[in-house]
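1. Sequence first, then the predicted structure, then my questions.
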Amino acid sequence: MSTTVWFATNRTEPRGGRKTFGNRFHADGPHFYRVGRAEVTRHGEDDDAATVEWDLLPERRPAVPNVNDVPETTRKNTQSGRTGSAGLFQEIRDAVRRDQAEVLIFIHGFANTFESSLVRAAQLAETYAFERRARAGEPARPVRLLPVAFAWPSDGKVQPPWMYASDRDDAEMSGVAMARALKRFLDFLDTQDAAGGERCPYRVHLVAHSMGNWALRHAIQGLRARVFGARLPKIIDNAFLMAADEDDDCFQHVHKLQPLTELARRVHVYHAENDLALEVSDKTKFNMDRLGTAGPRTFSGLDTRITAIDCSAVADTTLSHGRHQYYRLREEVIRDVRAVLAGPATPGRIPGRQEVEPGRRYRLDVDA
């Protein structure tokens with residue numbers, strides 16, 4: 001079975017015989033991105049065992065005075081209007097309505113290739129698919145997740161050591177492109193409202209892993225600049241910050257991740273004290289006190305919709321993962337995410353959680 005993944009990327013486009021996107025920025029700059037769709041077929045649980053076939057959606061073009069003067073493909077795209085980001089959003093909207101599905105946006109972390117970021121997005125959509133709790137007069141029902149990935153230009157390599165610093169810079173600079181994509185999404189929703197259409201009744205969720213949280217910070221700051229500091233609209237239902245390579249005081253400062261609580265209805269921080277990848281970030285890269293290690297530094301004064309889930313007891317996967325991949329591989333964590341998505345539920349009543357700080361901090365234990 002294959003999974004459709006919609007994507008946006010500001011990576012170097014294929015050219016000169018290269019068949020995939022490169023690990024540098026688009027030729028027009030880090031702010032420029034292209035959109036498309038891919039079919040991802042995973043072969044077992046092996047990260048590398050997957051087939052990825054992708055196509056770009058046509059770019060948005062200025063109005064053409066005489067569409068008969070342009071090539072057939074461009075003429076069709078111009079007449080249909082399904083170009084650029086608007087075309088991507090309309091495709092996703094149509095799929096959501098058709099399948100009564102929900103959307104899962106994924107921002108990958110350090111050392112991912114273009115293809116691996118799409119494979120990760122497909123894996124999460126398949127793994128996190130959940131059963132919505134029964135409501136009055138309605139039975140419980142399975143819910144599909146439609147994955148959307150932003151593939152920023154990480155190098156896809158862990159070594160040599162300077163690759164980390166390179167990826168961190170690229171993640172930060174990619175915030176501009178992500179902010180532009182988010183702003184166009186807001187504009188798309190406003191256009192639907194202005195046309196008298198109904199806003200999509202289904203939900204949008206966000207998963208940011210590791211250094212993807214650093215990229216998310218800069219995306220949110222870029223979006224704030226584009227709305228001139230106005231309060232951000234709540235378009236994300238659940239934001240899952242997984243093993244975040246971000247400062248543990250990020251929710252205390254408006255110039256960091258504090259505005260995420262405007263964009264998202266609920267924020268869930270999954271962390272592990274024994275995360276070796278973040279320990280390396282702390283000890284050798286001078287990025288002290290990671291959010292993905294112990295969660296928020298303090299909950300005093302923070303938005304009450306932020307919760308922290310300690311995954312230290314369930315972080316082990318394989319040695320090479322450095323206790324950093326539990327968000328997609330450990331059944332205890334996957335089950336917890338599904339329970340959150342199934343909502344509504346009081347955080348302390350989700351099965352498998354042990355309360356550490358009422359309403360704020362919880363711990364996941366190994367299955368008996």
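-> Sure thing, it's come through.

2. So in that sheet, which strands flank the helix or strand where R265 lies, and in what orientation?
-> Using DSSP states H and E, the element containing R265 is strand 264-271. As defined by DSSP bridges, the strand partners of strand 264-271 come to strand 236-242 (parallel), strand 306-310 (parallel).

3. helices or strands up against the helix or strand containing V52?
-> Take DSSP H and E as the rule and V52 turns out to sit in strand 50-56. Counting contacts by 3 or more C-beta pairs under 8 Å, 6 or more residues apart in numbering; DSSP states H and E, strand 50-56 packs against strand 34-42, helix 114-128. For every residue, glycine as well, the C-beta is placed using N, CA and C.

4. residues in contact with the first one?
-> Which is strand 34-42. Strand 34-42 is contacted from outside by 1-10, 13, 26, 49-57, 59, 84-85, 87-88, 91, 118-119, 121-123, 126, using C-beta atoms under 8 Å, 6 or more residues apart in numbering.

5. Now that strand: average pLDDT?
-> Throughout strand 34-42, pLDDT has a mean value of 96.

6. just the last one next, same as before
-> Per-region confidence: helix 114-128 scores 96 on mean pLDDT.

7. how much space between the closest residue to R132 other than its chain neighbours and N213?
-> Spatial nearest neighbour of R132, excluding adjacent residues (C-beta to C-beta, 6 or more residues apart in numbering): V143 at 5.2 Å. According to C-beta to C-beta, to the nearest Å, V143 stands 25 Å off from N213.

8. which of those two has more neighbours?
-> N213 (27 against 19; other C-beta atoms under 10 Å).

9. which residues sit against the helix or strand containing that one?
-> Assigned by DSSP H and E, N213 belongs to helix 212-226. With contacts defined as C-beta under 8 Å, 6+ apart, helix 212-226 is touched by 106-109, 150, 152, 168, 171-176, 178-180, 182-183, 206, 208, 232, 241, 244-246, 250, 255-257, 259-260, 263, 291-292.

10. Among the residues you listed, which ones are in strands?
-> Residues of these located in strands (DSSP state E): 106-107, 150, 206, 208, 241.

11. neighbour-wise, which of those leads?
-> L241 (31 neighbours).

12. how many other residues sit next to the closest residue to that residue other than its chain neighbours?
-> Spatial nearest neighbour of L241, chain neighbours left out: V269 (4.9 Å); criterion: C-beta to C-beta, 6+ apart. Close neighbours of V269, defined as other C-beta under 10 Å, add up to 26.

13. Is V269 bridged to anything, and to what?
-> L241, A308.

14. Now do the same for it: its pLDDT.
-> The model's pLDDT for V269 equals 98.

15. Please apply the same query to R144.
-> pLDDT at R144 comes out at 96.

16. Over to A27?
-> Confidence score, pLDDT, at A27: 90.

17. and it, backbone torsions?
-> The phi/psi pair for A27 (degrees, to the nearest 10) reads phi -60, psi -30.

18. so it makes contact with T12?
-> Yes - because the distance of 6.7 Å satisfies C-beta atoms under 8 Å, A27 is recorded as touching T12.

19. what about the two, which has more around it?
-> Neighbours were counted for A27 and for T12 using other C-beta under 10 Å; T12 has more, 17 against 10.

20. H205 - nearest residue in space that isn't next to it in sequence?
-> Nearest to H205 is N238, by C-beta to C-beta, 6+ apart, at 4.6 Å.

21. list the contacts for the one you found?
-> 203, 205-206, 264-266, 268, 340-341, 343.
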